[in-house]
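Visitor: Pasting the sequence and the predicted coordinates here, then a few questions.
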Amino acid sequence: MKSYKEIKEEELKRTSGYSYEQLEKYLNFNIKALKAMSFFLRIGVLWTISIVTFFVIPGIFTWLGFCDYDINLVLFITISHFLFWILKGKKDALQLIDDTLPELNLTVKVLEDIKEEKNG
């Protein structure tokens, strides 16, 4: 994981040639985008994304005419997702969150600090 100083140096280098307006747009957009990304890095959101995927793929096969949605398929998908989540998905999701979220939050802090420095 990068340190506060490393992230700040990268951002200052990246934005060194920006005008005041360009810098404001860059900072505002990236702060909002990173906050949105941190929202999606929650266990409930990742679980929802994974279960939707489990229902979309058979939906495509149904749409193409290979199978029909019925109670057996829905039960199979639900049980398969439950087993996937218990055996692999939750561990992978928690690993992704632990690896990504601290640096993401630190980057937001750096961008907010740069914004304060430039405005103040």
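Guide: Perfect, thanks for sending it. None of these values were measured; they are calculated from a predicted model.

Visitor: Residue 117: how many residues sit nearby?
Guide: Neighbours of residue 117 under the rule other Cβ atoms under 10 Å: 10. C-betas here are computed from N, CA, C, even on glycine.

Visitor: That one: which element?
Guide: helix 90-119 (DSSP states H and E).

Visitor: which parts of that helix are buried?
Guide: Going by neighbour count (16 or more other Cβ atoms under 10 Å), the buried part of helix 90-119 is 93, 97, 104, 106, 107, 108, 110, 111, 114, 115.

Visitor: thinking the second one is in contact with residue 45, fair?
Guide: No: with contact defined as Cβ atoms under 8 Å, residue 97 and residue 45 do not form a contacting pair (10.2 Å).

Visitor: and of the buried residues of helix 90-119, the nearest to residue 16?
Guide: Using Cβ to Cβ, residue 114 is the member of those that sits closest to residue 16, with 11.5 Å.

Visitor: where's the closest one relative to residue 33, distance?
Guide: Using Cβ to Cβ, to the nearest Å, residue 114 is found at 15 Å from residue 33.

Visitor: And for residue 60?
Guide: 30 Å.

Visitor: Tell me how many other residues surround residue 34.
Guide: For residue 34, using other Cβ under 10 Å, the count is 17.

Visitor: hang on, I meant residue 74
Guide: 12.

Visitor: From residue 84, how far out is it?
Guide: 16 Å.

Visitor: and if you look at residue 14?
Guide: For residue 14, the distance to residue 84 - Cβ to Cβ - is 39 Å.

Visitor: Name the residue in these two with the higher neighbour count.
Guide: residue 84 (16 against 10).

Visitor: for that one, phi and psi?
Guide: Note on residue 84: backbone dihedrals following degrees, to the nearest 10 are phi -60, psi -50.

Visitor: Is it correct that it is in contact with residue 50?
Guide: Yes: in this structure, residue 84 is within contact of residue 50 by Cβ under 8 Å, at 7.3 Å.
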